[in-house]
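*Asks:* Next come a sequence and a model predicted from it.
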Amino acid sequence: QVQLVESGGGLVQTGGSLRLSCAASGRTFSSLTMGWFRQAPGKERAFVAAISWSGARIYSSDFVKGRFAISRDNAKNTVYLQMNSLKPEDTAVYYCAARSGVISDTGGEYDYWGQGTQVTVSS
């Protein structure tokens with residue numbers, strides 16, 4: 001089992017920045033692929049970014065490229081999502097997810113999920 005706890009969400013103005021963190025416990029973090037997903041009200045869950053166990057491979061969705069960056073610190077069992085140049089359409093609940101397989105942008109392939117953290121971007 002893996003437990004994931006997100007933090008760092010909040011209210012920010014358009015153009016602002018936030019850094020989300022996801023702390024993992026219960027299994028060797030360095031063996032896990034980690035991902036971030038988001039779900040806006042009335043919309044389906046969407047892939048944001050993912051990072052391989054070593055950090056050598058990163059996937060990012062087109063709508064966050066150049067604005068968001070995923071990273072990890074295996075010594076701290078934590079994955080981060082740095083979000084810059086935030087827009088109102090980035091408003092959503094952001095979820096951290098983990099899987100033991102190769103890097104993936106498909107939510108259904110992730111085995112473990114956090115409870116989510118709300119990000120609200122005001123215009």
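*Replies:* Good, I have the coordinates.
*Asks:* and the closest residue to Q13 other than its chain neighbours, how many neighbours does it have?
*Replies:* The shortest distance from Q13 to any residue that is not its chain neighbour, by Cβ to Cβ, 6 or more residues apart in numbering, is 5.4 Å, and that residue is S122. C-beta here means a position set from N, CA and C on the backbone, and glycine is covered the same way. A count of nearby residues for S122, using other Cβ atoms under 10 Å, gives 11.
*Asks:* residue nearest the centroid of the protein?
*Replies:* With the centre of the chain defined as its mean C-alpha position, the nearest residue by Cα atoms, centre = their mean is W36, 2.4 Å away.
*Asks:* just to confirm, which helix or strand has that residue in it?
*Replies:* Assignment of secondary structure by DSSP states H and E places W36 within strand 33-39.
*Asks:* Okay, now the sheet partners of that strand, with direction.
*Replies:* Next to strand 33-39 in the sheet, as set by DSSP bridges, lie strand 46-51 (antiparallel), strand 92-99 (antiparallel).
*Asks:* wait, what's in contact with the closest residue to N74 other than its chain neighbours?
*Replies:* Among residues not flanking N74 along the chain, S30 sits closest, at 4.2 Å (Cβ to Cβ, 6+ apart). Shown in contact with S30 (Cβ atoms under 8 Å, 6 or more residues apart in numbering): W53, S54, N74.
*Asks:* For the last one, give its distance to W53.
*Replies:* So the one you mean is N74. 8 Å (Cβ to Cβ, to the nearest Å).
*Asks:* okay, the two: which has more neighbours?
*Replies:* Under the neighbour definition other Cβ under 10 Å, N74 and W53 were set side by side, and W53 has more, 20 against 16.
*Asks:* Which residue ranges of this protein form strands?
*Replies:* Counting by DSSP state E, one finds strands in the chain at the ranges 3-7, 10-13, 18-25, 33-39, 46-51, 58-60, 68-73, 78-83, 92-99, 112-113, 117-122.
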